[in-house]
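Colleague: quick one, structure for this:
(one chain, ligands or ions: 2)
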Amino acid sequence: MPASAPIVEVRRLNRYLGEGEGRVHVLRDIDLTLDAGQTYSIVGPSGCGKSTLLYLLGLLDLPDSGEIHLNGIRADNAGEAERTRLRGALIGFVFQFHFLLAEFTALENILLPLLRQRTIPEPEARAWAEEVLCRVGLRDKLHRRGNQLSGGEQQRVAVARALANKPPLLLADEPTGNLDQANSEALFALLHELAATHNQTILLVTHNPDLAQRCHHTLPMRDGRFI
Ligand SMILES: Nc1ncnc2c1ncn2[C@@H]1O[C@H](COP(=O)(O)OP(=O)(O)O)[C@@H](O)[C@H]1O
Ligand SMILES: [Mg+2]
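Modeller: Numbers count the residues shown, from 1 in each chain. Ligands and ions are numbered 1, 2, ... in the order given. I've put the predicted structure just below:
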């Protein structure tokens, strides 16, 4: 694989959802190439297929036709074990609703997925989890439980978690959707700064035109296609 292989290469991707008369052609012959270290925003009206595309790229759903290559590896027709491995090795997710474990502390929310990867020993994983949380400004809240953090703080934990194993590809679906302007700005700046440090690629779905514009590339979408 050449060093310059794009992190994401998608060809003629199609996805239908729903049954019978409710069946919708959600993604229509999507082609997409994402390069390492670049940031991309997807903008488009509600229902145009943005989340469906992110699920497919994150290997959480299967296309009806077309190809998905991640880091030069064909992923859409790989077996479940290989898809799980690729997901763990390549992808971090940040969603609008952060899916923190409410009963676990900020630190544990970062640490548990790191330990599950079994790539670094626990003491190092713990030190790194603490460092990532410090970088997102939560030095004083390492041991707060998820349900004792504000919305903005929880979303910062979610970003720290997504970035903790330094995935080459970060998929963010309206990560600032439930935050006020100041917290949105701070979260966006943080995402970019951390991603730039590790040459990560960001694919960000957002309704905020200011944030969209500040990515290297903006990809407008409508009716299941890029326009
Ligand atoms: N499980 C489903 N069954 C039927 N239609 C669905 C399902 N999930 C999503 N859709 C439809 O697919 C389209 C795209 O949805 P989505 O990707 O969530 O859009 P976006 O994220 O751009 O708002 C919408 O028209 C939505 O109603
Ligand atoms: Mg969506």
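
Colleague: if I look at residue 169, what pLDDT would I see?
Modeller: We have a pLDDT of 95 for residue 169.

Colleague: can you pull up the bridge partners for it?
Modeller: Listed by DSSP bridges, the beta-bridge partners for residue 169 are residue 91, residue 201.

Colleague: okay but it is in contact with residue 9, surely?
Modeller: No: the pair residue 169 / residue 9 is not scored as a contact, 11.8 Å apart, by CB atoms under 8 Å. (C-beta placed from N, C-alpha, C; glycine too.)

Colleague: residues that sit against both of those two, list them.
Modeller: Counting by CB atoms under 8 Å, 6 or more residues apart in numbering, the residues touching both residue 169 and residue 9 are residue 34.

Colleague: quick check, central residue of the protein?
Modeller: In the chain, the C-alpha nearest the mean C-alpha coordinate belongs to residue 171, at 1.9 Å (CA atoms, centre = their mean).

Colleague: would you mind measuring from that one to residue 9?
Modeller: For residue 171, the distance to residue 9 (CB to CB, to the nearest Å) stands at 15 Å.

Colleague: again, but for residue 142
Modeller: Here residue 142 is placed at a distance of 39 Å from residue 9 (CB to CB).

Colleague: equivalent analysis for residue 223, please.
Modeller: From residue 223 to residue 9 the distance is 23 Å (CB to CB).

Colleague: more neighbours: which of those two?
Modeller: residue 9 (20 against 14; other CB atoms under 10 Å).

Colleague: so which helix or strand takes in the more buried one?
Modeller: Assigned by DSSP states H and E, residue 9 belongs to strand 8-17.

Colleague: near ligand 2, which residues of this protein? Just list them.
Modeller: With CB under 5 Å from the ion as the criterion, the chain meets ligand 2 at residues 50-51.

Colleague: on the C-terminal side of the strand or helix carrying residue 123, identify the next helix or strand.
Modeller: Assigned by DSSP H and E, residue 123 falls within helix 122-135. The helix or strand immediately downstream of helix 122-135 is helix 151-164, counting by DSSP H and E.

Colleague: just want the angle from that next one to helix 122-135.
Modeller: Relative orientation of helix 151-164 and helix 122-135, computed by axes from the mean of the first three to the mean of the last three CA atoms, to 10 degrees: 140 degrees.

Colleague: would you mark the buried spots in the helix holding residue 123?
Modeller: Residues 125-126, 128-130, 132-133, 135 are the ones in helix 122-135 that count as buried (16 or more other CB atoms under 10 Å).

Colleague: hmm, residue 79 and residue 62 touching each other?
Modeller: No: with contact defined as CB under 8 Å, residue 62 does not count as touching residue 79 (11.7 Å).

Colleague: helices or strands next to the strand holding residue 9 in the packing?
Modeller: strand 24-34, helix 50-57, strand 65-70 (3 or more CB pairs under 8 Å, 6 or more residues apart in numbering; DSSP states H and E).

Colleague: contacts for it?
Modeller: 23-34, 49, 52-53, 56-57, 61, 63-70, 72, 169, 201, 203.

Colleague: mind redoing it with 6 Å?
Modeller: 23-27, 29-34, 52, 63-69 (CB atoms under 6 Å, 6 or more residues apart in numbering).
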